[in-house]
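Undergrad: what follows is a predicted structure for the sequence shown.
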Amino acid sequence: MFGRSPRKINNTRYYEVLGVTKNASLDELKKAYMNTATKNHPHYGGDPQKFKELAQAYEVLSDPEKRDIYDQYGEDALKEGMGGGAGAHNPFDIFEQFFGGGGFGGGSSGGRRQKHGEDVVHTLKVSLEDLYNGTFKKLSLSRNRLCPKCSGKGTKSGASATCYGCQGSGMRVGVRLIGPGMIQRMLHVCTVCEGTGEVIIDKDKCSQCKRNKVTQEKKVLEVFVEKGMQHGEKIVFPGEADEAPDTVTGDIVFVLELKEHPKFKRKYDDLYVEHTLSLTESLCGFQFALTHLDGRELLIKSNPGEVIKPGQSKAINDEGMPHHQRPFMKGRLYIKFNVEFPDSGVLSPDQCRHLEAILPPRTSTRMTDMELDECEETTIYDVNIEDEMRRKQQQEAYEDEVARPSVQCAQQ
């Protein structure tokens, strides 16, 4: 007799529900559950069945014993009792493990889901000196806070009534006629309670917040900019954003924006600066004081007999930017030297002859009178090569524009 074919093991569905791979870590499972469960919560219009499946998948895969059984024997083995069963917990209970208890509601609790408030992001402009030395900045901000008199209830008594217009859901279903015998149902915010799901009578409203549940507060934050921080780095104050009822308060985030420095440029932990030497300094030696970002004077000088060429760079170790969180370690300071030549006519013929006797000999040989007679005389003049290239591009663009109509006419 023919034997019965082996039953196919279903051991991938839970991974697919959460959208993770089979080798996902516990942290990856948590992140996947939090991202998808929030979107599918029934109180916010999500799919109840999908919400239940997410909780069931996370419950199994987050338990090492159940996950091992699931990977080996599949979903049916868990349903048959191995590993203590699957899906035994209320999906709302699992949700509350992540977002807090009591007020997230589902099943039996009947509460309201606690939302996560938005983060408030500010740009904080800082100088290169601030990032080199570190600094404190005091910033005054306004924010909403739960009314201290009514503790964010909006009422004197601390109780509110369920809205009669939407039965506490905050939304109402409207009906619109779109054609003969055809209607369209539309969901809109309840106008009675403005989407809160509750109503507060005038006699019971809080005298301080006027049933708004929040009041304005001025707060001063001390922002510590640490040595070596980078442009675009964030400084976070957890739970300091606007407060609201049934809401986990968001963060205030400061994003550093580096202002341009007139002298120094920064690249990672290195600093760059340019210095112009005279021709005499580049040939015969130099020394000068460079004022650093912390006010120190650095003595910069050439070695005896050293010639500095235009565009040449030098580096000084441990005079760059401090490493963030390791301020005793620093990058390099790079100095690029420009050489300023004297203007035409400054040197007399006599001085030129003296210089020629001192400087290395000319590389070109002197031409004979016969060789000079065979050459054509030319005149050279000063130009700005960038301006010349720009003018050339404009001329070519104009010529292309003029030639285009004639090409079109030829095609016709």
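TA: That came in fine, so what should we check first?

Undergrad: got the contact list for K234?
TA: By Cβ atoms under 8 Å, 6 or more residues apart in numbering, the contact list for K234 reads V253, F254, V255, L256. Placement of C-beta: from N, CA and C, glycine included.

Undergrad: mind running it again at 6 Å?
TA: V253, V255 (Cβ atoms under 6 Å, 6 or more residues apart in numbering).

Undergrad: again, but for the one 3 residues further on
TA: Contact partners of F237, counting by Cβ under 6 Å, 6+ apart, are I252.

Undergrad: what values do phi and psi take at it?
TA: When read as degrees, to the nearest 10, the backbone of F237 gives phi -110, psi 100.

Undergrad: ok, which stretches of the stretch 51-200 of the chain are strands?
TA: Counting by DSSP state E, counting those that start in this stretch, the stretch 51-200 of the chain has strands at residues 115-116, 120-126, 135-146, 161-162, 171-179, 182-189, 198-199.

Undergrad: give me whichever of the ones you listed is most buried.
TA: Most buried of the strands of the stretch 51-200 of the chain by mean neighbour count (mean count of other Cβ atoms under 10 Å) is strand 198-199; its value is a mean of 18.

Undergrad: rounded mean pLDDT for it, please.
TA: Mean pLDDT, computed over strand 198-199, is 76.

Undergrad: mind giving me the packing neighbours of that strand?
TA: Using 3 or more Cβ pairs under 6 Å, 6 or more residues apart in numbering; DSSP states H and E, no helix or strand is in contact with strand 198-199.

Undergrad: burial measure for the nearest residue to L333 once chain neighbours are set aside, as a count.
TA: If the residues on either side of it in the chain are set aside, L333 comes closest to E319, at 3.8 Å by Cβ to Cβ, 6 or more residues apart in numbering. Other residues lying near E319 total 19 when counted by other Cβ atoms under 10 Å.

Undergrad: domain assignment for this structure?
TA: What automatic domain parsing lists as the domains of the chain is 13-113, 120-160+200-258, 261-375.

Undergrad: got any ranges where the stretch 251-400 of the chain has weak pLDDT?
TA: The stretch 251-400 of the chain contains residues with pLDDT under 70 at 364-365.

Undergrad: could I get the domains of the chain as a markdown table with distance to D387?
TA: Listed next are the domains of the chain as a markdown table, based on distance: least, Cβ to Cβ, whole Å:
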| stretch | distance to D387 |
| --- | --- |
| domain 13-113 | 56 |
| domain 120-160+200-258 | 32 |
| domain 261-375 | 20 |
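
Undergrad: quick one: closest of those domains to M182.
TA: M182 sits nearest to domain 13-113 of all these, at 24.2 Å, using Cβ to Cβ.

Undergrad: quick one: the strands in the stretch 201-350 of the chain, in order.
TA: 214-225, 234-237, 247-248, 252-258, 265-267, 270-278, 287-291, 297-301, 313-316, 322-323, 326-330, 333-340.

Undergrad: to N40, which of those strands lies closest?
TA: Of all the strands of the stretch 201-350 of the chain, strand 247-248 comes closest under Cβ to Cβ, at 18.8 Å.

Undergrad: adjacent strands (with direction) for the closest one?
TA: Strand pairing for strand 247-248, using DSSP bridges, gives strand 115-116 (parallel).

Undergrad: how far out from the middle of the chain is the partner strand?
TA: Centroid separation for strand 115-116 versus its chain: 22 Å, with Cα atoms, centre = their mean, to the nearest Å.

Undergrad: what does it rub up against?
TA: T247, V248.

Undergrad: got the phi/psi numbers for P310?
TA: Backbone torsions of P310, given as degrees, to the nearest 10, read phi -60, psi 130.

Undergrad: in contact with it, which residues?
TA: Applying Cβ under 6 Å, 6+ apart, we find P310 in contact with V339.

Undergrad: and the longest helix for this structure?
TA: If you go by DSSP state H, the chain has its longest helix at helix 385-411.

Undergrad: and the helices in the stretch 51-200 of the chain?
TA: According to DSSP state H, counting those that start in this stretch, the stretch 51-200 of the chain carries its helices in the segments 64-73, 75-79, 91-99, 128-133.

Undergrad: which elements pack onto the longest one?
TA: So the one you mean is helix 64-73. helix 48-61.

Undergrad: burial count for Q351?
TA: 10.

Undergrad: for it, what are phi and psi?
TA: Backbone torsions of Q351, given as degrees, to the nearest 10, read phi -70, psi -40.

Undergrad: from here on, call the first residue 32.
TA: Right, with 32 as the first residue, what we last looked at is Q382.

Undergrad: that one and V251: what is the separation?
TA: To V251, Q382 is 67 Å away according to Cβ to Cβ, to the nearest Å.

Undergrad: if anything else comes up later, I'll come back, but that's it for now.
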